[in-house]
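A.B. asks: no sequence on hand, only this structure:
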């Protein structure tokens, strides 16, 4: 659960907010609504890492196409009743 600071509390005690950000995100609120999030630099860099694509996760070399032939459903339509 993130720690929450009002804008006023945040402005009055930035050091306490920074210390709280070391254990998790800190929400800064303005009139009860979240407006900003304070993160540790480590948490921020984890968010910035590029996530691999599905083909990389599956270990497929670049340029290989995936052959996909879905099964036919057959006759699934029915006459329209007007």
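C.D. replies: Perfect, thanks for sending it. Computed from a prediction, not measured in an experiment: that's the story for all the values here.

A.B. asks: surely residue 18 meets residue 38?
C.D. replies: Yes: between residue 18 and residue 38 there is a contact under C-beta atoms under 8 Å: 7.3 Å. Yep, even glycine has a C-beta here, placed from its N, CA and C like the rest.

A.B. asks: for residue 41, see how far away the residue most central in space within the chain is.
C.D. replies: Residue closest to the average C-alpha location in the chain (C-alpha atoms, centre = their mean): residue 47, at 8.2 Å. Applying C-beta to C-beta, to the nearest Å, the value for residue 47 to residue 41 is 11 Å.

A.B. asks: over to residue 12?
C.D. replies: From residue 12 to residue 41 the distance is 23 Å (C-beta to C-beta).

A.B. asks: before we move on, what about residue 51?
C.D. replies: Residue 51 is 19 Å from residue 41, by C-beta to C-beta.

A.B. asks: out of these two, which sits in the busier spot?
C.D. replies: residue 41 (9 against 6; other C-beta atoms under 10 Å).
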